[in-house]
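Undergrad: pasting the sequence and the predicted coordinates here, then a few questions.
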Amino acid sequence: MMKPRAFLLILSLFLLSLPLRAQTNYYQTTKDFHEDGYVYRCETYGGSGYLQLYNLNNKYIHVSQKYLATGKNVPMYDMTEEFEKENWTKPKCYSIVNNAFTKEQTESCRGHTLGIELYINSETGKVMEVSFDFVNFGPFAYIPVSVFRKIETQLIEGVWFVPTEGGRKLNYISLYWNQELGTQIHK
């Protein structure tokens, strides 16, 4: 029979180790996540710790943004307005991202930013694809793929833009932002 003191020691060590077990870094290496009805890819870039996470069905993730008429790449300095001005999409995007995380996840990620890129249909303005950028040594590395999938599906289903004439001249429109969880954008 185990002595009460030994039992308490073993129980204490077990309970202290629970938070450590719950912390899984999902994104240490390049790999595919085969989930329920979808596959996500985590691509890591060398030893930098930088990674990109995206749905494996994405078609534009490694396609350069081009002008439809010429097939030439859009230069980084091209400041053409690609969308009509409005006041609801940015707050909606921020809200979708914020609401996908639990309070505990939001707290653990405070002070860190998540990069989000939308790949938008240049004719319809609908979001076609979403990718995420973060580092594999930061707190977002402990967030399961299902949370990013939730963000992806809600952005695709709930956000759209009105492309300008300039935006309709591209093979797709890219919109990228960094977001610290909890940040609110008001109309």
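TA: Cool, the structure landed. Keep in mind that this is a model prediction, so the values were computed, not measured.

Undergrad: isn't residue 105 up against residue 144?
TA: No: under the criterion of CB atoms under 8 Å, residue 105 makes no contact with residue 144, lying 9.5 Å away. For glycine as for every other residue, the C-beta is placed from the backbone atoms N, C-alpha and C.

Undergrad: compare the two (neighbour count), which wins?
TA: For residue 105 and residue 144, the more surrounded residue by other CB atoms under 10 Å is residue 105, and the numbers stand at 16 against 12.

Undergrad: what does the pLDDT read for the more buried one?
TA: For residue 105, the pLDDT comes out at 97.

Undergrad: repeat for residue 76
TA: The predicted local distance difference test score for residue 76 is 85.

Undergrad: does it count as helix, strand or coil?
TA: When the structure is reduced to helix, strand and coil (DSSP: H, G, I helix; E, B strand; the rest coil), residue 76 reads as coil.

Undergrad: go on, residue 177?
TA: strand.

Undergrad: who's in contact with it?
TA: Residue 177 is in contact with 93, 115, 116, counting by CB atoms under 8 Å, 6 or more residues apart in numbering.

Undergrad: next one: residue 53
TA: With contact set as CB under 8 Å, 6+ apart, residue 53 has these partners: 27, 40, 41, 42, 43, 131, 132, 133, 134, 145, 148.

Undergrad: what subset of those residues is buried?
TA: 27, 40, 41, 42, 43, 131, 132, 133, 134, 145, 148 (16 or more other CB atoms under 10 Å).

Undergrad: what about the helix or strand hosting residue 99, distance to the chain center?
TA: Counting by DSSP states H and E, the secondary-structure element that holds residue 99 is helix 89-100. On the basis of CA atoms, centre = their mean, to the nearest Å, helix 89-100 sits 12 Å off its chain's mean C-alpha point.

Undergrad: now it: mean pLDDT?
TA: Regarding helix 89-100, the rounded mean pLDDT is 96.

Undergrad: out of the contacts of residue 53, the closest to residue 167 would be?
TA: When the contacts of residue 53 are compared for distance to residue 167 (CB to CB), residue 131 comes out closest, at 19.3 Å.

Undergrad: where does pLDDT dip in this protein?
TA: In the prediction, the chain carries residues with pLDDT under 70 at positions 1-22, 186-187.

Undergrad: 80 instead?
TA: Within the chain, the set of residues satisfying pLDDT under 80 comprises 1-22, 79, 186-187.

Undergrad: show me where it has strands.
TA: Counting by DSSP state E, the chain forms strands over residues 31-34, 39-44, 50-55, 113-120, 127-135, 173-180, given from the N-terminal end onward.

Undergrad: ok, which of those comes nearest residue 159?
TA: Taking those one by one with CB to CB, strand 127-135 is closest: 5.4 Å.
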